[in-house]
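> Predicted model, plus sequence, below.
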Amino acid sequence: MKALEDKIITELKNLPEEGKKEVLDYIGHLKTRKKEKTLRFLKKTAGKWKGLIDAEKLKHDIYSDRLISTRSRVKF
């Protein structure tokens, strides 16, 4: 478990402050059982995607996709 905690702490250190707060707030709001499951999942997948995708392009795509409205206009 110590190795998992070290890995999570290492990964969190690499995040910007806003990202750290988001992750810790999310984990803090989970129920205990779900929290444990989420931490196990994080342990299994930590760093697995590294090198497979361009992280900067992914972030750019996510933010640009948020600007696109998919709802139809309301007509009065």
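Cool, got the structure.
> those helices in the protein, which residues are they?
Assigned by DSSP state H, the helices in the chain fall at 2-13, 17-29, 32-45, 55-66.
> If you count contacts, what does the last one end up packed against?
By that I understand helix 55-66. Judged by 3 or more CB pairs under 8 Å, 6 or more residues apart in numbering; DSSP states H and E, helix 55-66 is in contact with no other helix or strand. Backbone N, C-alpha and C define where each C-beta goes, glycine included.
> rewinding a little: with mean neighbour count as added columns, please give the helices of the chain in JSON lines.
Below are those laid out as JSON lines (neighbours: other CB atoms under 10 Å):
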{"stretch": "helix 2-13", "mean neighbour count": "11"}
{"stretch": "helix 17-29", "mean neighbour count": "11"}
{"stretch": "helix 32-45", "mean neighbour count": "11"}
{"stretch": "helix 55-66", "mean neighbour count": "10"}
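> Format the ones you listed as TSV; extra columns: mean pLDDT.
TSV is the format used below for these (pLDDT from 0 to 100):
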stretch	mean pLDDT
helix 2-13	69
helix 17-29	77
helix 32-45	80
helix 55-66	90
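> for the residue positioned nearest the centre of the chain, what are its contacts?
What sits nearest the mean C-alpha location of the chain, by CA atoms, centre = their mean, is residue 23, with 6.5 Å. By CB atoms under 8 Å, 6 or more residues apart in numbering, residue 23 lies in contact with 12, 15.
> And it, how far from residue 39?
Look at residue 23 and residue 39: by CB to CB, to the nearest Å, they are 11 Å apart.
> Likewise for residue 68?
Computed as CB to CB, the residue 68 to residue 39 distance reads 34 Å.
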